[in-house]
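Asks: coords please:
(one chain, ligands or ions: 2)
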Amino acid sequence: MRYLHTMVRVTDLDVSLRFWCDLLGLREVRRMENEAGRFTLVFLAAPKDLDRSAAERSPEVELTYNWDPEVYTGGRNFGHLAYKVDDIYAACQRLADGGVTINRPPRDGRMAFVRSPDGISIELLQEGEPQAPAEPWASMPNTGTW
Ligand SMILES: C[C@@H](O)C(=O)SC[C@H](NC(=O)CC[C@H](N)C(=O)O)C(=O)NCC(=O)O
Ligand code: NI
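Replies: Ligands and ions are numbered 1, 2, ... in the order given. Reported below is the predicted structural model:
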């Protein structure tokens, strides 16, 4: 057995791709349009996983966009998706510049949390050793929950 993907239902595909790809940094590896089912699947992979994703189709995030509007509630038993990033300060700055709230800022130079446009919690962890605490992150308070 091996891990394949995590599926997330999204309410706006363009808004979601701007967050998951342009701001978070994932890459679209393939998509499937299903006319009969009236939905689109978009598979995303992190840059360092692209080769493996192309070969094994894993590990990926599967965005599911239902063409007919639906309201997605609950799911708070779901925790988060976690990614290692080369520079947690640069990643958080790119997300913040793109209008994403940094719910749990990287005060420790190691860990941050944000949420996707549909409220999916995402953990960002510094690759390797934590960075030295640096402003504005070191004194930035949490914003809500993640
Ligand atoms: C391609 C493979 O990875 C899938 O997950 S397809 C699973 C299939 N997805 C859909 O039918 C998408 C549209 C549907 N309206 C939905 O929102 O799920 C499926 O069986 N989905 C049910 C599920 O609970 O995942
Ligand atoms: Ni799936």
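Asks: Give me the contact list for the worst-scoring helix or strand of the chain on mean pLDDT.
Replies: Least confident helix or strand, the chain: helix 50-56 with a mean of 89, by mean pLDDT, DSSP states H and E. With contact meaning CB atoms under 8 Å, 6 or more residues apart in numbering, helix 50-56 is reached by Arg2, Arg27, Val29, Phe43, Ala45, Ser58, Pro59, Glu60. C-beta coordinates here come from the backbone N, C-alpha and C atoms, glycine included.
Asks: Just give the number of residues close to whichever residue of the chain sits closest to ligand 1.
Replies: Using CB to the nearest ligand atom, Phe39 is the residue of the chain that sits closest to ligand 1, at 3.9 Å. Residues near Phe39, counting by other CB atoms under 10 Å, number 15.
Asks: which residues touch it?
Replies: Contacts of Phe39 (CB under 8 Å, 6+ apart): Thr64, Tyr65, Asn66, Trp67.
Asks: run the last query once more with 6 Å
Replies: By CB atoms under 6 Å, 6 or more residues apart in numbering, Phe39 lies in contact with Asn66.
Asks: Which residues does it form beta bridges with?
Replies: Phe39 forms beta bridges with Asn34, Asn66, as assigned by DSSP bridges.
Asks: mind checking how far it is from Thr145?
Replies: Counting by CB to CB, to the nearest Å, the separation of Phe39 from Thr145 is 29 Å.
Asks: again, but for Met111
Replies: Taking CB to CB as the measure, Met111 falls 15 Å from Thr145.
Asks: The two: which has the busier surroundings?
Replies: Met111 (16 against 10).
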